[in-house]
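Chemist: next one to model:
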Amino acid sequence: MKTSDWYIPKDWAFLLGWHLMAFVFLFLPILVNVIINKLFSGLTETQNGNPDLYYVSLSLSLSGILLLLIARIPLYRQKRFFAIGPKGLPALSKLCYWISYCFIVPAIVLMALLFWVLKG
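Modeler: Below is the predicted model:
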(Lines give C-alpha, C1' and ligand atoms only; values in the text may rest on other atoms or scores of the structure.)
Protein backbone atom coordinates (compact mmCIF):
# COMPACT_ATOMS: atom_id res chain seq x y z
CA MET A 1 0.00 0.00 0.00
CA LYS A 2 1.32 3.43 -0.93
CA THR A 3 1.76 5.82 1.97
CA SER A 4 0.92 9.47 1.63
CA ASP A 5 3.83 11.89 1.74
CA TRP A 6 1.71 15.01 2.00
CA TYR A 7 2.74 17.59 4.53
CA ILE A 8 0.61 20.56 5.50
CA PRO A 9 2.29 23.08 7.79
CA LYS A 10 0.47 23.85 11.03
CA ASP A 11 -0.27 27.46 10.10
CA TRP A 12 -1.87 26.36 6.82
CA ALA A 13 -3.86 23.66 8.60
CA PHE A 14 -5.10 26.26 11.08
CA LEU A 15 -6.22 28.61 8.30
CA LEU A 16 -7.83 25.85 6.24
CA GLY A 17 -9.55 24.50 9.32
CA TRP A 18 -11.17 27.86 10.02
CA HIS A 19 -12.43 28.10 6.46
CA LEU A 20 -13.95 24.65 6.69
CA MET A 21 -15.58 25.47 10.03
CA ALA A 22 -16.92 28.74 8.64
CA PHE A 23 -18.49 26.84 5.75
CA VAL A 24 -20.02 24.17 7.97
CA PHE A 25 -21.31 26.44 10.73
CA LEU A 26 -22.18 29.61 8.78
CA PHE A 27 -22.81 28.97 5.10
CA LEU A 28 -24.42 25.53 5.24
CA PRO A 29 -27.19 26.46 7.74
CA ILE A 30 -28.01 29.56 5.70
CA LEU A 31 -28.24 27.44 2.55
CA VAL A 32 -30.50 24.90 4.27
CA ASN A 33 -32.67 27.71 5.62
CA VAL A 34 -33.08 29.24 2.14
CA ILE A 35 -34.00 25.86 0.63
CA ILE A 36 -36.59 25.13 3.34
CA ASN A 37 -38.01 28.64 3.01
CA LYS A 38 -38.37 28.25 -0.77
CA LEU A 39 -40.00 24.84 -0.29
CA PHE A 40 -42.60 26.12 2.16
CA SER A 41 -43.36 29.23 0.11
CA GLY A 42 -43.72 26.97 -2.93
CA LEU A 43 -46.11 24.72 -1.01
CA THR A 44 -48.18 27.77 -0.07
CA GLU A 45 -48.26 28.87 -3.70
CA THR A 46 -49.30 25.35 -4.71
CA GLN A 47 -52.36 25.64 -2.48
CA ASN A 48 -53.24 28.76 -4.44
CA GLY A 49 -52.99 26.93 -7.79
CA ASN A 50 -49.35 27.32 -8.83
CA PRO A 51 -48.12 23.97 -10.28
CA ASP A 52 -44.37 24.77 -10.29
CA LEU A 53 -43.43 22.33 -7.50
CA TYR A 54 -45.37 19.61 -9.28
CA TYR A 55 -43.31 20.23 -12.42
CA VAL A 56 -40.08 20.20 -10.40
CA SER A 57 -41.04 16.88 -8.81
CA LEU A 58 -42.07 15.42 -12.15
CA SER A 59 -38.81 16.48 -13.83
CA LEU A 60 -36.74 15.11 -10.92
CA SER A 61 -38.50 11.77 -11.06
CA LEU A 62 -38.27 11.45 -14.84
CA SER A 63 -34.57 12.38 -14.78
CA GLY A 64 -33.95 9.82 -12.05
CA ILE A 65 -35.80 7.08 -13.91
CA LEU A 66 -33.88 7.84 -17.10
CA LEU A 67 -30.56 7.73 -15.22
CA LEU A 68 -31.60 4.45 -13.61
CA LEU A 69 -32.42 2.91 -16.98
CA ILE A 70 -29.10 4.10 -18.41
CA ALA A 71 -27.23 2.69 -15.40
CA ARG A 72 -28.91 -0.71 -15.74
CA ILE A 73 -28.17 -1.18 -19.47
CA PRO A 74 -25.29 -3.64 -18.75
CA LEU A 75 -27.68 -5.80 -16.73
CA TYR A 76 -30.31 -5.66 -19.47
CA ARG A 77 -27.71 -6.84 -22.00
CA GLN A 78 -27.05 -9.86 -19.79
CA LYS A 79 -30.84 -10.55 -19.72
CA ARG A 80 -30.93 -9.88 -15.96
CA PHE A 81 -34.10 -7.81 -15.85
CA PHE A 82 -35.08 -8.42 -12.22
CA ALA A 83 -31.71 -7.96 -10.49
CA ILE A 84 -31.94 -5.76 -7.43
CA GLY A 85 -29.11 -3.43 -6.44
CA PRO A 86 -25.94 -2.37 -8.25
CA LYS A 87 -24.04 -5.60 -7.53
CA GLY A 88 -23.35 -6.66 -11.13
CA LEU A 89 -22.73 -3.20 -12.56
CA PRO A 90 -19.44 -1.62 -13.70
CA ALA A 91 -18.08 1.32 -11.71
CA LEU A 92 -19.50 4.06 -13.96
CA SER A 93 -22.91 2.43 -13.98
CA LYS A 94 -22.83 2.14 -10.18
CA LEU A 95 -22.18 5.86 -9.93
CA CYS A 96 -25.04 6.58 -12.32
CA TYR A 97 -27.22 4.17 -10.32
CA TRP A 98 -26.67 6.04 -7.04
CA ILE A 99 -27.03 9.46 -8.68
CA SER A 100 -30.39 8.35 -10.06
CA TYR A 101 -31.58 7.63 -6.54
CA CYS A 102 -30.43 11.11 -5.52
CA PHE A 103 -33.03 12.36 -8.00
CA ILE A 104 -35.77 9.81 -7.30
CA VAL A 105 -35.90 10.05 -3.49
CA PRO A 106 -36.36 13.87 -3.34
CA ALA A 107 -39.01 13.58 -6.05
CA ILE A 108 -40.95 11.05 -3.96
CA VAL A 109 -40.65 13.23 -0.86
CA LEU A 110 -41.77 16.31 -2.79
CA MET A 111 -44.72 14.44 -4.30
CA ALA A 112 -45.74 13.23 -0.83
CA LEU A 113 -45.55 16.81 0.48
CA LEU A 114 -47.64 18.04 -2.44
CA PHE A 115 -50.21 15.32 -1.83
CA TRP A 116 -50.32 16.20 1.87
CA VAL A 117 -50.76 19.93 1.14
CA LEU A 118 -53.35 19.52 -1.60
CA LYS A 119 -55.55 16.93 0.09
CA GLY A 120 -56.29 19.24 3.06
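Chemist: the host helix or strand of residue 65 - what's its average pLDDT?
Modeler: Secondary structure assignment for residue 65, by DSSP states H and E: helix 52-71. Helix 52-71 shows an average pLDDT of 94 in the prediction.
Chemist: residue ranges with poor pLDDT in the chain?
Modeler: Where the chain drops to pLDDT under 70, the residues are 1-2, 4, 120.
Chemist: how about 80 then?
Modeler: 1-8, 12-13, 15-20, 22-23, 120 (pLDDT under 80).
Chemist: all helices for the protein, in order.
Modeler: Using DSSP state H, the helices assigned to the chain run over residues 10-22, 28-47, 52-71, 73-77, 91-119.
Chemist: report the angle between the first one and helix 28-47.
Modeler: Translated: helix 10-22. Helix 10-22 and helix 28-47 are oriented at 20 degrees to each other (axes from the mean of the first three to the mean of the last three CA atoms, to 10 degrees).
Chemist: chain center to helix 10-22, what's the gap?
Modeler: 28 Å (CA atoms, centre = their mean, to the nearest Å).
Chemist: leaving out the residues flanking it, which one is nearest to the residue positioned nearest the centre of the chain?
Modeler: Closest residue to the average C-alpha location of the chain: residue 102 at 3.5 Å, with CA atoms, centre = their mean. Nearest residue to residue 102, sequence neighbours excluded (CB to CB, 6 or more residues apart in numbering): residue 64, at 7.7 Å. No exception for glycine: its C-beta is placed from N, CA and C like everyone else's.
Chemist: follow-up on the earlier one: format the helices of the chain as CSV; extra columns: distance to residue 85.
Modeler: As requested, the helices of the chain are exported to CSV (distance: least, CB to CB, whole Å):
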stretch, distance to residue 85
helix 10-22, 34
helix 28-47, 30
helix 52-71, 11
helix 73-77, 10
helix 91-119, 9
